[in-house]
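1. The sequence and its predicted three-dimensional model are supplied below.
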Amino acid sequence: PDVITIQELANRMAERGVEIIKYLMKDGAMHKITDVIDSDTAQLIAEEFGHTVRRVSEADVEEGFIGEKDNEEDLVPRAPVVTIMGHVDHGKTSLLDAVRAANVVSQEAGGITQHIGAYQVTIPSGQKITFIDTPGHAAFTAMRARGAKVTDIVILVVAADDGVKPQTIEAINHAKAAEVPIIIAINKIDKPGADPQRVRTELLSHEIVVESMGGDTLEIEVSALKRTNLDALLEAVVLQAEVLELKANPDRPADGVVVEAKLERGRGPVGTALVQRGTLRLGDIIVAGSAWGRVRALINDVGEHTKEAGPSVPVEVLGFDTAPEAGDQFAVVENEARAREITEYRERERRKTLAVAGQRGSLEQMMNQL
Ligand code: GDP
Ligand code: MG
């Protein structure tokens, strides 16, 4: 049920809390400033004090936040967004680095690639692919937990000298739960003990049948270390993306997901936005979780300032009032008043959740129950 503390109601009406307590006392009810009252009572009080009440509900917030659905004819193809997952030490980071090094035009920005949580490459055929490079599992699960669908395709790295391991299975389960197609990268084929065939067989017991065994899961043998067969891996991504027919309308206010966020000395709150629909531009009013701001600067994955970012493009955003959180969904809204309304509502909801957790025990205990 919707509740509010007397203090908060007083704040919002710009009245003293004691006035509300006095008012409630007329009905014989004794209250403290920290007591909560239900929203109907709050509305009565507010009207009694001469205020006009407009209640904001989650439905209200979400409706305005998500905006209208796109028309089919406005949709244009967009780059696939890929997350690399796999067991520890099977070569996720090496693969991300190798792919990036091989496909980023190095004279851009003096060849300095930035770590902003995601990057985009252009492969020789001209197609673009976006990679999320925040630590695989953590980011993926955090975003999933917040209901954000970030990834179109998962590349599952399995070391050919080690085979299917617990985190490999975990990744398979995550991808399946999210209904995201998997491409298998059998890595480390340069190693003497490599046995790619064993990987294929082991995958069978987790309901993954690779192409060479008559199934429909693409598998590529690679070496991140020697940069072997990376082109074939990226071609497989493009092939998979074509099947998915990924499209978005670039011509609307932007929304998407925050893939990384931090507070940086000298720069303030910085969030990396992965645009999913629309085009994010300088000057836009952006809301992400309970953070908001006017976009003051946009910086791409090679450190260049840019004026806009379209679908599947990751970009650092400067101008938030506080740091958003990785996994927060963001959207551009029409004005500051709307941004405040949404973030204040969310902040209240967050406090309520914390208050409830406080009654039950520590936040830590709550997290352990999840
Ligand atoms: P992550 O934990 O999955 O991110 O794995 P890393 O990328 O950190 O790789 C773990 C170790 O495996 C490092 O020592 C890498 O140099 C090594 N490695 C990664 N890919 C290959 C490969 O293709 N061949 C060989 N021989 N070693 C690799
Ligand atoms: Mg790593």
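-> Good, I have the coordinates. Numbers count the residues shown, from 1 in each chain. Ligands and ions are numbered 1, 2, ... in the order given.

2. What about the residue of the stretch 151-300 of the chain found nearest ligand 2? Give its phi and psi, please.
-> Nearest residue of the stretch 151-300 of the chain to ligand 2: residue 157, at 9.8 Å (Cβ to the ion). Quick note: C-beta positions are derived from backbone N, CA and C, even for glycine. For residue 157, the backbone dihedrals (degrees, to the nearest 10) come out as phi -90, psi 130.

3. which residue sits closest to it, ignoring its sequence neighbours?
-> Distance criterion Cβ to Cβ, 6 or more residues apart in numbering; nearest residue to residue 157, sequence neighbours excluded, is residue 86 at 3.4 Å.

4. any idea how far that neighbour lies from residue 230?
-> Distance, residue 86 to residue 230, by Cβ to Cβ, to the nearest Å: 16 Å.

5. repeat for residue 102
-> Distance of residue 102 to residue 230, computed by Cβ to Cβ: 6 Å.

6. These two: who's more crowded?
-> The residue with more neighbours, out of residue 102 and residue 230, is residue 230; 21 against 14, by other Cβ atoms under 10 Å.

7. residues in contact with the more buried one?
-> Taking Cβ atoms under 8 Å, 6 or more residues apart in numbering, we find residue 230 in contact with 95, 98-99, 102, 222, 224.

8. same question, residue 154
-> Contacts of residue 154 (Cβ under 8 Å, 6+ apart): 82-85, 171, 174-175, 180-183.

9. Could you tell me what pLDDT the model assigned to it?
-> Residue 154 carries a pLDDT value of 93.

10. so what's it bridging to?
-> With DSSP bridges as the criterion, residue 154 is bridged to residue 83, residue 182.

11. Next: the one 5 residues further on.
-> Legend: beta-bridge partners of residue 159 under DSSP bridges are residue 187.

12. Does it touch residue 189 like I think?
-> No. Under the criterion of Cβ atoms under 8 Å, residue 159 makes no contact with residue 189, lying 9.4 Å away.

13. Compare these two (neighbour count), which wins?
-> residue 159 (24 against 21).

14. how near is the more buried one to residue 15?
-> For residue 159, the distance to residue 15 - Cβ to Cβ - is 65 Å.

15. for residue 223, what are its contacts?
-> 187-190, 229.

16. Select from those residues the one having the most neighbours.
-> Of the contacts of residue 223, with other Cβ under 10 Å as the count, residue 187 tops at 32 neighbours.

17. contacting residues for that one?
-> The contact partners of residue 187, taken as Cβ under 8 Å, 6+ apart, are 86, 90-91, 94-95, 157-160, 222-224.

18. Mind putting the residues you listed into a markdown table with pLDDT?
-> Rendered in a markdown table, the data for the contacts of residue 187 read as follows (pLDDT from 0 to 100):
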| residue | pLDDT |
| --- | --- |
| 86 | 92 |
| 90 | 97 |
| 91 | 96 |
| 94 | 94 |
| 95 | 96 |
| 157 | 97 |
| 158 | 98 |
| 159 | 98 |
| 160 | 98 |
| 222 | 98 |
| 223 | 98 |
| 224 | 97 |
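
19. How far away from the center of its chain is stretch 220-234?
-> Distance, stretch centre to chain centre, for stretch 220-234: 28 Å (Cα atoms, centre = their mean, to the nearest Å).

20. For residue 86, see how far away the residue of the chain found nearest ligand 2 is.
-> Among all residues of the chain, residue 93 sits closest to ligand 2, at 3.3 Å; criterion: Cβ to the ion. Taking Cβ to Cβ as the measure, residue 93 falls 10 Å from residue 86.

21. Which of those two has more residues huddled nearby?
-> Ranked by neighbour count (other Cβ under 10 Å), residue 93 and residue 86 place residue 86 first, with 27 against 15.

22. In contact with the more buried one, which residues?
-> Counting by Cβ under 8 Å, 6+ apart, residue 86 has contacts 92, 136, 156-159, 167-168, 171, 185, 187.

23. And it, its phi and psi?
-> phi 150, psi 170.

24. Cheers, nothing more for now.
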